[in-house]
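**Student:** model the structure of this input:
(2 chains)
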Number of protein chains: 2
Amino acid sequence: MTLDKILEEIKKANTIAILTHESPDGDAIGSVLAMGIALENLGKKPDRIIREFPRKFKFLPSAEKVQQEPSQEKYDLAIALDCADLRRLDGKEIFENAKETIVIDHHGSNTMFGDVNFVNPVAPACCEILIGIFTYFELDIHQDLGSCILVGIITDTGGFKYQGVTPETFDFTAELLRKGVKVSEIYEKALETRTRSNFELLKRILSRMEILENGKVTFTYITSQDEKEVKAEAGDHEGLVEIGRGVEGVEISIFIRQIDNEQKYKISMRSTNDINVSDICYLFGGGGHPRAAGCLIQGTLEQVREKILSEVHKALK
Amino acid sequence: MTLDKILEEIKKANTIAILTHESPDGDAIGSVLAMGIALENLGKKPDRIIREFPRKFKFLPSAEKVQQEPSQEKYDLAIALDCADLRRLDGKEIFENAKETIVIDHHGSNTMFGDVNFVNPVAPACCEILIGIFTYFELDIHQDLGSCILVGIITDTGGFKYQGVTPETFDFTAELLRKGVKVSEIYEKALETRTRSNFELLKRILSRMEILENGKVTFTYITSQDEKEVKAEAGDHEGLVEIGRGVEGVEISIFIRQIDNEQKYKISMRSTNDINVSDICYLFGGGGHPRAAGCLIQGTLEQVREKILSEVHKALK
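**Tutor:** Numbering: from 1, shown residues only, chains lettered A, B, ... in the order given. Below is the predicted model of the structure:
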């Protein structure tokens, strides 16, 4: 069984790197930290490697152990978490150099790029998969480990909101509460706290938001100049796409963000109904989940806006 | 025991009115609808009386049974739900006229204004109290009943977020999911859907938001003129106070709303830490919970702003 193989590889390895995708969100961070703690509980000393660690997650147990650079030339084992594709992996070369590789993920679009792959596209968060894995490994999910897992679940389910949430998600959270984990505090910190820069960006995207296609689509954007003006750091644009989502009648909300002052935009799309935004993003080489997806498009703001709105228009037909 | 007494009164009554507070929120609506269904399951034909039913909750089971006016001069029994004070009860005169009265609530400030009072200030929502009551009555909490209860829990906990959330809240939700209740759909409808009018109000309050007291306080407002311009209906201002809450460093967020074009404002306050906003609101004759409270203040916008900010300034010391 895959989980036995994973445990065997972990036990065998002397040096282990834990990696995740670029621009890590709460599930990515939670997964890396949870795996780090779990491996320590198994007697290992793993390297958690994340180049840009969003400051809002610095409150998490073991966040101080995260490093930006590898300590080894070649690891015995590299574990990629919450990452669908090697191209998106932060530390791609570390993974490619490792003697043995494991992929654990919940994206349906996962390319199975590891030697061992454990992918469950039905899980609402990579962290929820980890609960099952750690339980199989007979690890105690104590407060610290539980808190990291909870962050992944809360952020990837939008606070227990999205359709993928399972009864087990709630059972697990009830259990954590009984163990004394401050669920509400973690929730607010992980999901509800906006940095001042994020708040200033929110004001800008709201004032610019267009409502199109007879109220079915919202479109808004931020430029590199905006981010500079509000002194945005890594992660400060997180969650902005959500604001258009809940508006009555809106089926697709689109948020685009300029990358590094270039003629290149990161598109984030959210859907509230049956329209699969992952399919739309796939047309531009991106992907994700049916109700939350992204891609990169080159061009000026106006060109990118036209390209994406034209595909969205077709999808609405 | 109080619950036996409540069941006895229900069984005895031929005519029953179910009431809740003015400007009903999700917990008020959920409580009334849940109690209505429960009483029907006990063989009763209760009147659910709510004068202004917010349209966002019209999707709920039995919402079509809500009436604006009483069908009786004098009810055998009136039940007030989620209401701390007779003065805030929508249908005060119906309650006062009734032969027997019951109060079920979760506000610590409840004045115990019924013949029978069942108040649990630790419960995160009035609907959560109802779970215990219905279980004691040996009623089956089926999908319809469960959906109404869930709306109250979701809205009063901000989506399982606030500190009052208990392990039982999560156990209950896991159970509902297993019974086939579409938790995610209810969540989005109850908490995430913004009417277009609400969205337009949100844009206005954000663009006007002041950040005061070295970033610890946010203040914003809407006037009756704003509501007229965006064609706001009952409930369209709901949730707007929350937007200031999550901003990094903000301890108190204040949202004030003009009432009926008069020199009178409804103040809504939220706290993210130890400052008890219920105490501040109490100074103006209002109340609520430590982290979510409200009051009414007379005066012009500028006068009201001064009054409330001056008390907030003292509380921050």
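
**Student:** for stretch A:252-269, give the mean pLDDT please.
**Tutor:** On average, the pLDDT along stretch A:252-269 is 94.

**Student:** give the buried residues for that stretch.
**Tutor:** Under the neighbour-count criterion of 16 or more other C-beta atoms under 10 Å in any protein chain shown, stretch A:252-269 has A:252-258, A:265-269 buried. (C-beta placed from N, C-alpha, C; glycine too.)

**Student:** and the helix or strand where A:Leu150 lies, does that touch chain B?
**Tutor:** Assigning secondary structure by DSSP states H and E places A:Leu150 in helix A:143-156. No: Helix A:143-156 is not in contact with chain B by C-beta under 8 Å from any C-beta of the partner chain; minimum separation 8.9 Å.

**Student:** stretch A:159-177 too?
**Tutor:** Yes: with C-beta under 8 Å from any C-beta as the criterion, chain B is reached by stretch A:159-177 at A:159-163, A:165-171, A:173-175, A:177.

**Student:** buried subset of these as a PyMOL selection?
**Tutor:** To isolate the buried members of these in PyMOL, using 16+ other C-beta under 10 Å:
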select buried, chain A and resi 159+160+161+162+165+166+167+168+169+170+171+173+174+175+177
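
**Student:** tell me which two of the residues of stretch A:159-177 next to chain B sit farthest apart.
**Tutor:** With C-beta to C-beta as the measure, no two of the residues of stretch A:159-177 next to chain B lie farther apart than A:Gln163 and A:Leu177, at 23.1 Å.

**Student:** taking the stretch 1-150 of chain A, what residue is nearest to chain B?
**Tutor:** A:Lys56 (8.4 Å; C-beta to the nearest C-beta).

**Student:** sorry, slip of the keys, the one I care about is the stretch 201-317 of chain A.
**Tutor:** A:Gly246 (4.0 Å).

**Student:** which non-adjacent residue is nearest that residue?
**Tutor:** B:Glu192 (4.0 Å; C-beta to C-beta, 6 or more residues apart in numbering or on different chains).

**Student:** the one you found reaches A:Arg245, doesn't it?
**Tutor:** Yes: if you go by C-beta atoms under 8 Å, B:Glu192 and A:Arg245 touch, sitting 7.2 Å apart.

**Student:** give me the more crowded residue out of those two.
**Tutor:** A:Arg245 (23 against 19; other C-beta atoms under 10 Å in any protein chain shown).

**Student:** mind listing what that one touches?
**Tutor:** A:218, A:253, A:270, A:272, B:192 (C-beta atoms under 8 Å, 6 or more residues apart in numbering or on different chains).

**Student:** any idea which element the nearest residue to A:Leu81 once chain neighbours are set aside lies in?
**Tutor:** With sequence-adjacent residues excluded and distances taken as C-beta to C-beta, 6+ apart, A:Leu81 is closest to A:Ser31, at 4.0 Å. Secondary structure assignment for A:Ser31, by DSSP H and E: helix A:26-41.

**Student:** I'd like the next helix or strand past that helix.
**Tutor:** strand A:47-49.

**Student:** which other helices and strands contact that next one?
**Tutor:** strand A:16-21, helix A:26-41, strand A:66-67 (3 or more C-beta pairs under 8 Å, 6 or more residues apart in numbering or on different chains; DSSP states H and E).
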